[in-house]
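Predicted model follows, preceded by the sequence.
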Amino acid sequence: AGGVGTYSVLTPRQRRIVRVTFEGIYRGYKTFAIGLAITTDYKWTLFGLNEESIEYESLIKECHRRSARRIASGCIDNGGLYVKMGQGLVTMDHALPKEYCNELKILHDKALRRRRNEVESLLHEEFQCGSKDLFSYISKEPIAAASLAEVYEGQLKTGEKVAIKYIDLQDRFQGDMLTIKLVLKAIGYLFPKFEFEWIIGSIKTNLERELNFICEGENAEQCYRQLKELKFVFVPKIYWHLTSRRVLTMEMIYGCKINDVEGIKQMGLSMKEVRRRKKI
């Protein structure tokens with residue numbers, strides 16, 4: 001009862017930190033369990049086999065597939081940075097066994113899902129006021145989501161329609177990265193031939209920048225300066241007074257993906273003209 005009473009008097013930020021801490025411990029436990037299962041599988045399956053034999057070659061491929069499925073399942077369960085890390089592994093087909101890349105492709109379809117009240121709490125932390133003080137409207141559900149962020153549709157008090165991009169993973173970043181690094185280090189120690197620890201360094205820098213929306217806003221403005229002579233390229237305006245490391249507010253632009261042929265046609269655009277302009 002005392003613990004519940006103490007939790008109830010904490011500020012929203014303090015509550016979130018407590019929640020993130022306990023969730024991080026649970027994610028770490030699951031990650032180490034997966035690492036142990038993978039290690040045991042390789043050691044048990046390949047024990048005593050000649051590395052040059054056909055049997056070894058066949059069995060290690062099966063180990064790769066089982067291990068990749070365990071990793072994919074763990075990434076989906078842990079979410080956030082784990083999914084992003086798994087997506088990063090898929091792009092390293094030049095270094096990883098193809099069985100890993102094939103099994104981990106499922107992670108490209110996985111997106112972050114957060115509760116609406118978490119967005120409200122984050123806005124309070126970043127701007128010291130709630131959504132009703134900042135916007136005249138925010139959609140109840142995200143209109144888009146990726147592995148690290150969600151996007152809500154909104155409208156400013158002055159009437160402009162905006163896209164509000166939200167991320168809340170900084171607090172768990174260092175802990176999750178350390179956990180993943182330790183697991184990969186242990187696997188690399190047991191299997192020097194399959195050293196994976198270097199993967200952390202190659203992905204961490206990009207993730208740190210992706211977790212900072214100030215960088216994304218600055219990149220958008222740099223794109224505008226470099227491409228402003230191309231009249232058919234439109235870069236959304238950044239509303240800096242409503243932007244922080246964890247919240248990005250930008251002008252709402254409706255469109256579709258470059259590979260959405262039907263969507264492009266519905267917008268009244270010529271595919272031939274789109275292809276021509278892509279080459280410019």
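Yes, it's here. Residues are numbered from 1 along each chain as shown.

what about Ser136, which SS state?
With DSSP: H, G, I helix; E, B strand; the rest coil as the basis, Ser136 sits in strand.

Compute the number of surrounding residues for it.
Ser136 has 13 neighbours, counted by other Cβ atoms under 10 Å. C-beta coordinates here come from the backbone N, C-alpha and C atoms, glycine included.

ok, it touching Lys157?
Yes: between Ser136 and Lys157 there is a contact under Cβ atoms under 8 Å: 5.4 Å.

hey, where'd the strands end up in the stretch 1-150 of the chain?
Counting by DSSP state E, counting those that start in this stretch, the stretch 1-150 of the chain has strands at residues 135-138, 144-145, 150-156.

List the buried residues of the longest one.
Of the residues in strand 150-156, those scored as buried under the neighbour-count criterion (16 or more other Cβ atoms under 10 Å) are 150-154, 156.

helices or strands next to it in the packing?
Other helices and strands packing on strand 150-156, by 3 or more Cβ pairs under 8 Å, 6 or more residues apart in numbering; DSSP states H and E, are strand 135-138, strand 144-145, strand 161-166.

Can you give me the distance of Pro142 to Val119?
9 Å (Cβ to Cβ, to the nearest Å).

Name the residues contacting each of those two.
150, 152 (Cβ atoms under 8 Å, 6 or more residues apart in numbering).

Tell me the pLDDT of Gly5.
If you check Gly5, the pLDDT there is 52.

Then Phe127?
So, for Phe127, pLDDT stands at 92.

For it, list the residues it contacts.
Phe127 neighbours (Cβ under 8 Å, 6+ apart): 134, 242, 244, 247.

Among these, which lie within helices?
Within these, residues falling in helices by DSSP state H are Leu134.

Can you select the buried ones from the contacts of Phe127 in PyMOL?
Here is the PyMOL command that picks out the buried ones among the contacts of Phe127, judged by 16+ other Cβ under 10 Å:
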select buried, resi 134+242+244+247
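
Greatest separation within the contacts of Phe127: which pair is it?
The most widely separated members of the contacts of Phe127 are Leu134 and Ser244, with 11.7 Å between them, by Cβ to Cβ.

Turn the strands of the stretch 1-150 of the chain into TSV, columns for mean pLDDT.
Formatted as TSV, the strands of the stretch 1-150 of the chain follow (pLDDT from 0 to 100):
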stretch	mean pLDDT
strand 135-138	94
strand 144-145	78
strand 150-156	93
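
Roughly how far does the closest residue to Lys165 other than its chain neighbours sit from Pro236?
In this structure, Lys165 finds its nearest non-sequential neighbour in Leu248, 4.1 Å apart by Cβ to Cβ, 6 or more residues apart in numbering. Taking Cβ to Cβ as the measure, Leu248 falls 10 Å from Pro236.

my guess is Glu216 meets Leu248, correct?
Yes: between Glu216 and Leu248 there is a contact at 5.9 Å, judged by Cβ under 8 Å.

Compare these two (neighbour count), which wins?
Per other Cβ under 10 Å, whichever of Glu216 and Leu248 has more neighbours is Leu248, with 27 against 19.

Now for Ser121, how many residues are close by?
18.

What separation do you get for it and Phe135?
15 Å.

Please parse the protein into its domains.
2-112+171-210, 116-167+212-278 (automatic domain parsing).

so Lys257, which of the three states?
Following three-state DSSP, the label given to Lys257 is coil.

got the contact list for it?
Gly263.

Equivalent analysis for Val162, please.
135, 153-156, 239, 242, 249-252.

Where does Met250 fall, secondary structure wise?
strand 247-251 (DSSP states H and E).

From the contact counts, what lies against that strand?
Using 3+ Cβ pairs under 8 Å, 6+ apart: strand 247-251 touches helix 116-127, strand 161-166, helix 213-227.

How far does it sit from its chain's centre?
18 Å (Cα atoms, centre = their mean, to the nearest Å).

Mind listing what's buried along whichever helix or strand comes after that strand?
Going down the chain from strand 247-251, the next helix or strand is helix 261-266, by DSSP H and E. Along helix 261-266, these residues count as buried under the neighbour rule (16+ other Cβ under 10 Å): Ile264.

can you pull out the helices in the chain?
With DSSP H applied, the chain shows helices at 2-8, 12-46, 54-78, 81-90, 98-104, 116-127, 131-134, 170-190, 198-210, 213-227, 261-266, 271-278, listed in chain order.
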